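*Asks:* prediction below, plus the sequence it came from.
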Amino acid sequence: NAGVMQNPRHLVRRRGQEARLRCSPMKGHSHVYWYRQLPEEGLKFMVYLQKENIIDESGMPKERFSAEFPKEGPSILRIQQVVRGDSAAYFCASSPESGANVLTFGAGSRLTVL
Amino acid sequence: KQEVTQIPAALSVPEGENLVLNCSFTDSAIYNLQWFRQDPGKGLTSLLLIQSSQREQTSGRLNASLDKSSGRSTLYIAASQPGDSATYLCAVRGGGGNKLTFGTGTQLKVEL
């Protein structure tokens, strides 16, 4: 069991480009959560997804950010037209079911916008 | 809106010392509280989880307590070791959903 796999681990983009971050949950987990950690700040919830459904996107910025978790393949967090303020570590977590006590976190994807 | 605060922000102690990390939260209507460890450039490792009905949890040299009514939790680390050096995060899960609200962490350094 490889745990929660995130890639790329490090991503550099220039302002205006698109960033795509991928998350493969643990085997048997059908629930995925994305969190963002800005420099010197705590982790902030962004979005909670099940397969083919967005359950809670209350933490997602209104523009440029989107997330999906298709029936097949990893969950993807997409940031369009990146700005320097998007530079952060983006963490994915997964759980086997709704209401599960413990989330398993991935190692994170660190986005740097030049 | 739930807010989680951790004090101190940073702590440096000599090896062998017992220490306490503090976490406070503003909304006592929580489902559970977790303590995580984050190493530089790494993900989060869950250390202890306390359900809202529990008062404490122990794992090895770690003991976490929860006083839900006062909105406080402490993480006690006994006989600290250099390998304990990391950032410790406290997170609460509200009663209405699955998302966690994190504190900003305490950066611990245990020196030889």
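*Replies:* Okay, I see it.
*Asks:* so which bits of stretch B:32-44 are buried?
*Replies:* With burial defined by 16 or more other Cβ atoms under 10 Å in any protein chain shown, the residues of stretch B:32-44 counted as buried are B:32-38, B:43-44. From N, CA and C alone the C-beta is placed, and that goes for glycine too.
*Asks:* repeat for stretch B:76-85
*Replies:* Applying 16+ other Cβ under 10 Å to stretch B:76-85 flags B:77, B:80, B:84-85 as buried.
*Asks:* narrow these to those in strands?
*Replies:* Taking DSSP state E, the ones among those that sit in strands are residue B:77.
*Asks:* closest to chain A among the buried residues of stretch B:76-85?
*Replies:* Comparing the buried residues of stretch B:76-85 against chain A with Cβ to the nearest Cβ picks out residue B:85 as the nearest, at 18.3 Å.
*Asks:* near residue 104, how many other residues are there?
*Replies:* Since you didn't name a chain, this refers to chain A. Look at residue A:104: counted by other Cβ atoms under 10 Å in any protein chain shown, it has 20 neighbours.
*Asks:* try again with chain B
*Replies:* Residues near residue B:104, counting by other Cβ under 10 Å, number 18.
*Asks:* quick one, what contacts it?
*Replies:* Contacts for residue B:104 (Cβ atoms under 8 Å, 6 or more residues apart in numbering or on different chains) come out as A:40-42, B:5-6, B:9.
*Asks:* export the buried residues of stretch B:76-85 as TSV, with columns for pLDDT.
*Replies:* Below are the buried residues of stretch B:76-85 laid out as TSV (pLDDT from 0 to 100):
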residue	pLDDT
B:77	97
B:80	97
B:84	97
B:85	97
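*Asks:* out of the contacts of residue B:104, who's nearest residue A:82?
*Replies:* Residue A:82 lies nearest to residue A:41 out of those, by Cβ to Cβ, at 18.1 Å.
*Asks:* contact partners for that closest one?
*Replies:* Residue A:41 touches residue B:104, counting by Cβ under 8 Å, 6+ apart.
*Asks:* residue B:52 now?
*Replies:* B:30-33, B:66, B:68, B:95.
*Asks:* filter those residues down to the buried ones, ChimeraX style.
*Replies:* Only the buried entries of the contacts of residue B:52 go into this ChimeraX selection, using 16+ other Cβ under 10 Å:
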select /B:30,31,32,33,66,68
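*Asks:* which among the contacts of residue B:52 gets closest to chain A?
*Replies:* Taking the contacts of residue B:52 together and measuring to chain A by Cβ to the nearest Cβ, the closest member is residue B:32, at 6.4 Å.
*Asks:* rewinding a little: which members of the contacts of residue B:52 additionally contact chain A?
*Replies:* residue B:32 (Cβ under 8 Å from any Cβ of the partner chain).
*Asks:* export the contacts of residue B:52 as CSV, with columns for secondary structure.
*Replies:* Rendered in CSV, the data for these read as follows (DSSP: H, G, I helix; E, B strand; the rest coil):
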residue, secondary structure
B:30, strand
B:31, strand
B:32, strand
B:33, strand
B:66, strand
B:68, coil
B:95, coil
